[in-house]
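Got a sequence here, can you model it:
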Amino acid sequence: MAETDKQNRPLSEEELQDLVSSSDAGARNPAGSVGTFLAIVAITWSVFQVILASPLANQLLPGSVINNSRQIHLAFAIFLAFMAYPAFSKSPRDYIPIQDWIMGIAGAGIAMYGYIFYTKVVNSGGLADDVDKWFALAGLLLLFEGARRALGPAMAIIAIVFLAYVFFGSSSWVPEVIQWKGASLKKAMSHMWITSEGVFGIALGVSTKFVFLFVLFGALLDKAGAGNYFIKMAFGALGHLRGGPAKAAVVGSAATGLISGSSIANVVTTGTFTIPLMKRVGFTSEKAGAVEVASSVNGQIMPPVMGAAAFLMVEYVGISYVEVITHAFLPATISYIALVYIVHLEAVKNNMPTIGNRDVHLARTLVGMFGFFAVFAGLCYGSQFPVEAVTAWQPSFAGLIMSAIVVAIYLALIKLAASVPDLEPDDPNAEVVELPVVAEIYKAGLYYLLPIIVLVYFLMIEQKSPGLSAFWATFLLFFILLTQKPLKSIFRGENDMANAFKDGVVDLLQGLIDGARNMIGIGLATATAGVIVGTVTLTGVGQVMANLVEFLSGGNLLIMLAMVALLSLVLGMGLPTTANYIVVSSLMAGVVVQLGEQSGLFVPLIAVHLFVFYFGIMADVTPPVGLASFAAAAVSGGDAIRTGFIAFFYSLRTVALPFMFIFNTDLLLIDVSLAQGILVFVIASIAILVFTAGTMGFFLTKSRIYESLLLVFVAFALFRPDFFMDRLQPPLVTTEASAFSETLGAAQVGDQLRVLVEGPDYNTGEPKSSTLQVDITTDGDADSRLEEFGFMLMEDNGQILMEEPMFGKPISDSMANFDFYADMPVTITAVQVPQEQMPKEIIFIPALLLLGLIALLQRGRMTKQGVPA
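Numbering: from 1, shown residues only. Here you go, the predicted model:
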């Protein structure tokens, strides 16, 4: 009975912090000299990563350290994992057992193996000898144990299964469809530990170069007080509205999600204040927890960090960081817009009261919020103009002058902040809730926006690397943490400079420690996921997966996407977001692209990567694992499973959006002009709100079933106008294969021809079909274009036969899976040529008219019922 009571009550602040630390930063926190030593190690790691990202790295660090920075990064992560995370739930937390010291030191030493024996490894060409293979195997085992402690058992188990496949892939008990010849211990260990194909691959490199700095930036910004400032501003702006605490929770979580990257920490940080207030205005414990879960998890799809996935996408997709966050921006933004609308509908449906004694001015609130974001965006964009002016005036001293200007602005904002009291966290359980007044509190934290503007400026305007951009923003945060309290003390006329400076130093050191502890799990996740990626590259299982998924889906693209989504969701239940993204994108991204081409759908690679990423983060919501749901239930005292199911229902838009942007890449702002982008944003915002109203069963009033179905239909039409336009006026006309040469010669520059090809599969010999996309970019006749693309054709009994394209030609990669030397020939069966089509945006007109009709029906019903319209 006591255990039941404990599960159904909100956890105390101490218990909540223990929950966060045990899941995100390690539950063990030894005191005394050991605690001091570990704090020094964590600070050293953070300082090393800051120096590594700095412009002076080559002057401050030896070349051997820079070249082996991945090994050093992993050494810190493994050592701190054994120090911070107990082996079992009943293991001691106030001291570190001797066996953990041994494993931590051994793991760090073996992680540094490539650095210590760098000359030997280089001279061997990355091939392990008899000594190397045993060290590598021991390193993998220690890595798996560290990952088990920091990330839970699923990550280690999956990695072990993949490693076992490397060794035993030829065994009779392995299904024939995925069998391979197997590898020796020496070959496997070379691949996994000695080379950069496995543990020390791209993922760990991204963790080393980029992710650490952004995690540290978030930890320092939060330590400076930005998290509390964002939450208070959100409550000041939205708390007085109907369902205001829930709306403020969404906006506050979006702001903290920008800098957090951890859905669990976000739930506890904002939820301890928002969830009790949501319950006070009428939300059940489960619904209050679910709102916090949905908004916190969504923080991971929000640029610029995206739970570290943004930086991995840069490497995997091969596009710039600015392009990644540009493509990710619109779906993330409209997802948050929809979540605000969800909680609004919940409040209206249940006639929830407002809190506080302020007059409600919804229009003024919306205009104020839009104005704030517009001014902030304008500052970020406009920052380039003074920089250009200073650079033109004094090119040699531009950096020093701009630094002085930033410091001057910072001093002015600090003086402004000193004119109002510091913001203290509110008590959500107080008898009378006093909502902050934005006009009174905004001054207290405007200077927190400076490092964010600096970050955005270097990323978006200067287009520097993410690591260097984060370095300058973090460097400014160092300065802010050290000076904000002493400067406020001076401006307020207080005589407490020494203590204020001491507090600043303590905050900075604690921020460095928090950043390092928050990175332990990410470092181990990227390293362990490298084993899975290494298995894919060593065994070629990726192609096998493509064949398996194609077989199971019957070649149907929608079924295949649903299978990939389900795989991402299932894997995500046991893996952290970063690791899940690495695993699923390595296994399935190429599959979606390849099978899409066979179906005639050419999906940009970034769309596929965002697709698997979206479903991976849903695992933090979804029962039975849903860690964020359990954290929210711990705060609210509600049932964790019910919280998870409600949160999943609130997150339906996050489930639907990936299917929309796979087929309509306008939603990712791919190849759209500024005017088109604005139109897409407006229409997509309307569409997501309409979809939300349809799934919530409430628009202007409670919807009838047919109205809900029509609302979902309208949303689909707004998201996918091309679906209807293509049926009214097909975008392609099919011509005979025999006319291929003439069609190719007659094509205009800018046309995209689709060439349908059939032939034997290279691996199975079975007949398969595919579609080649031929982009006409230059003028030329038929013969020159055939040669340019690599087509080698023969005509035989009316058939157009293809010979194997020459290596390096545009179509050679697409045709690599065909067997050109089998008895069955590879043939062109048809050619599809683009034709003029009316703008797909015309579909918006009937869709919006239908939406207006539904609104009229509901307004009429409201009038009959005596409800104010």
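
list the buried ones in the helix or strand I409 falls within?
Taking DSSP states H and E as the definition, one finds I409 inside helix 398-418. For helix 398-418, burial by neighbour count (16 or more other CB atoms under 10 Å) applies to 398, 401, 406, 410, 413-418. Yep, even glycine has a C-beta here, placed from its N, CA and C like the rest.

what does it contact?
386-387, 390-391, 394, 443-447, 450, 454, 476, 479-480, 483-484, 487-488, 491-492 (CB atoms under 8 Å, 6 or more residues apart in numbering).

Stretch 499-511 now?
In contact with stretch 499-511 (CB under 8 Å, 6+ apart) are residues 39, 43, 216, 219-220, 222-224, 477-478, 481-486, 488-489, 494.

Centroid-nearest residue for this protein?
In the chain, the residue lying closest to the centroid (CA atoms, centre = their mean) is M306, at 3.1 Å.

Let me see the contact set for it.
300, 325, 328, 613.

and the gap between the last one and A562?
Put plainly, it is F613. 16 Å (CB to CB, to the nearest Å).

which one of these two has more residues nearby?
F613 (28 against 13; other CB atoms under 10 Å).

need the next SSE after the host helix or strand of the more buried one, C-terminal direction.
Here F613, judged by DSSP H and E, is contained in helix 605-617. Using DSSP H and E, the helix or strand that follows helix 605-617 towards the C-terminus is helix 627-636.

Can you show me the CA trace of that next one as CSV?
Only the C-alpha atoms of helix 627-636 are listed here, as CSV (Å, rounded to 0.1, in the frame of the first residue of the first chain):
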residue,chain,number,x,y,z
LEU,A,627,11.0,8.2,-20.1
ALA,A,628,9.6,11.7,-20.5
SER,A,629,6.1,10.5,-19.6
PHE,A,630,7.4,8.8,-16.5
ALA,A,631,9.2,12.0,-15.5
ALA,A,632,6.0,14.0,-16.0
ALA,A,633,4.0,11.5,-14.0
ALA,A,634,6.6,11.8,-11.2
VAL,A,635,6.0,15.5,-11.1
SER,A,636,2.2,15.4,-11.4
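
mind giving me TSV with the buried residues of helix 398-418 and columns for pLDDT?
Below are the buried residues of helix 398-418 laid out as TSV (pLDDT from 0 to 100):
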residue	pLDDT
A398	80
I401	88
V406	91
Y410	94
L413	94
I414	94
K415	93
L416	93
A417	92
A418	91
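
Identify, from these, the entry nearest to A53.
V406 (18.9 Å; CB to CB).

any idea how far the closest one lies from W393?
17 Å.

One more: R28?
For R28, the distance to W393 (CB to CB) stands at 55 Å.

One more: L241?
48 Å.

Comparing those two, which shows the higher neighbour count?
L241 (23 against 10).

tell me which element the more buried one is part of?
Residue-wise, L241 maps onto no helix or strand under DSSP H and E.

hang on, isn't it packed against P353?
No - using CB atoms under 8 Å, L241 and P353 do not qualify as a contacting pair, with a distance of 11.0 Å.

re earlier: which members of the contacts of helix 398-418 occur in helices, if any?
Of the contacts of helix 398-418, the ones assigned to helices by DSSP state H are 386-387, 390-391, 450, 454, 476, 479-480, 483-484, 487-488, 491.

Can I get the buried part of the residues you listed as one PyMOL selection?
Those of the ones in helices among the contacts of helix 398-418 that count as buried under 16+ other CB under 10 Å are selected in PyMOL with:
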select buried, resi 387+390+450+454+476+479+480+483+484+487+488
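
The residue nearest to L569 when sequence neighbours are not counted: neighbour count?
Spatial nearest neighbour of L569, chain neighbours left out: F615 (5.2 Å); criterion: CB to CB, 6 or more residues apart in numbering. The local packing of F615 (other CB under 10 Å) involves 25 other residues.

go on, S629?
35.

Quick one: residues contacting it.
289-290, 293, 620-623, 640-641, 643-644, 647.

could you redo the last one with a cut-off of 7 Å?
Going by CB atoms under 7 Å, 6 or more residues apart in numbering, S629 touches 293, 621, 623, 640, 643-644, 647.

By pLDDT, give me the weakest of the residues you listed.
Across those, the bottom pLDDT score, 68, is held by P623.

Next, format the contacts of S629 as CSV and append neighbour count and secondary structure.
Formatted as CSV, those follow (neighbours: other CB atoms under 10 Å; DSSP: H, G, I helix; E, B strand; the rest coil):
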residue, neighbour count, secondary structure
V293, 33, helix
V621, 32, coil
P623, 16, coil
A640, 21, helix
T643, 32, helix
G644, 27, helix
A647, 29, helix
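
And the residues you listed, which is closest to Q729?
V621 (40.2 Å).

Just give the closest residue to that closest one, not the sequence neighbours.
A647 (4.7 Å).

The one you found is in contact with D620, isn't it?
No - if you go by CB atoms under 7 Å, A647 and D620 don't touch, sitting 9.1 Å apart.

So the protein: which segments form each domain?
According to automatic domain parsing, the chain comprises the domains 672-730+843-869, 732-836.

what's the closest of these to Y341?
domain 672-730+843-869 (5.1 Å).

what's the distance between that closest one and the middle of its chain?
Offset of domain 672-730+843-869 from its chain centre (CA atoms, centre = their mean, to the nearest Å): 28 Å.

Same question for stretch 504-521.
The mean C-alpha position of stretch 504-521 is separated from the chain mean by 23 Å, CA atoms, centre = their mean.

again, but for stretch 722-734
Between the centre of stretch 722-734 and the centre of its chain there are 34 Å (CA atoms, centre = their mean).

Tell me which residues touch the closest residue to L605 other than its chain neighbours, please.
Once flanking residues are discounted, L605 sits nearest to V317: 5.0 Å by CB to CB, 6+ apart. Residues near V317 by CB under 7 Å, 6+ apart: 605-606, 609.

Which parts of this structure are strands?
Secondary structure of the chain by DSSP state E: the strands cover 732-736, 752-760, 767-775, 793-796, 799-802, 826-834.

pretty sure L627 is in contact with V621, am I right?
No - using CB under 7 Å, L627 is not in contact with V621, being 9.3 Å away.

for D779, phi and psi?
phi -70, psi 150 (degrees, to the nearest 10).

per-residue confidence at it?
84.

ok, and the closest non-adjacent residue to V34?
I96 (6.4 Å).

Pretty sure the one you found sits against G32.
No - assessed by CB under 7 Å, I96 is found out of contact with G32, at 11.1 Å.

If you count surrounding residues, which of the two has more?
For I96 versus G32, the count of surrounding residues by other CB under 10 Å is larger for I96: 20 against 9.

can you tell me which residues contact that one?
28, 30, 34, 83.

Apply 10 Å and report the result again.
28, 30, 34-35, 38, 82-84, 86, 104 (CB atoms under 10 Å, 6 or more residues apart in numbering).

Which of these fall in helices?
34-35, 38, 82-84, 104.

Check which residues of stretch 343-355 are buried.
343-347, 352, 354-355.

for stretch 489-502, that is, sorry about that
489-490, 500-501.

any idea which of these is the one closest to Y118?
F501 (42.3 Å).

Can you give me every residue that contacts K702?
Taking CB under 10 Å, 6+ apart as the test, what K702 contacts is 349, 696, 708, 858, 861-862, 865.

out of these, who's nearest L558?
For the contacts of K702, the nearest to L558 is S708 (22.4 Å; CB to CB).

T692 is in contact with that closest one, correct?
No - using CB atoms under 10 Å, S708 is not in contact with T692, being 11.0 Å away.

who touches both of the two?
With CB under 10 Å, 6+ apart as the test, S708 and T692 both reach 698-699.

Which one's more surrounded, these two?
Set side by side, S708 and T692 show more neighbours around T692, with 25 against 19, by other CB under 10 Å.

where does the more buried one sit relative to T701, distance-wise?
Taken as CB to CB, the span from T692 to T701 is 15 Å.

What is the most widely separated pair among the buried residues of stretch 343-355?
L345 and I355 (18.5 Å).
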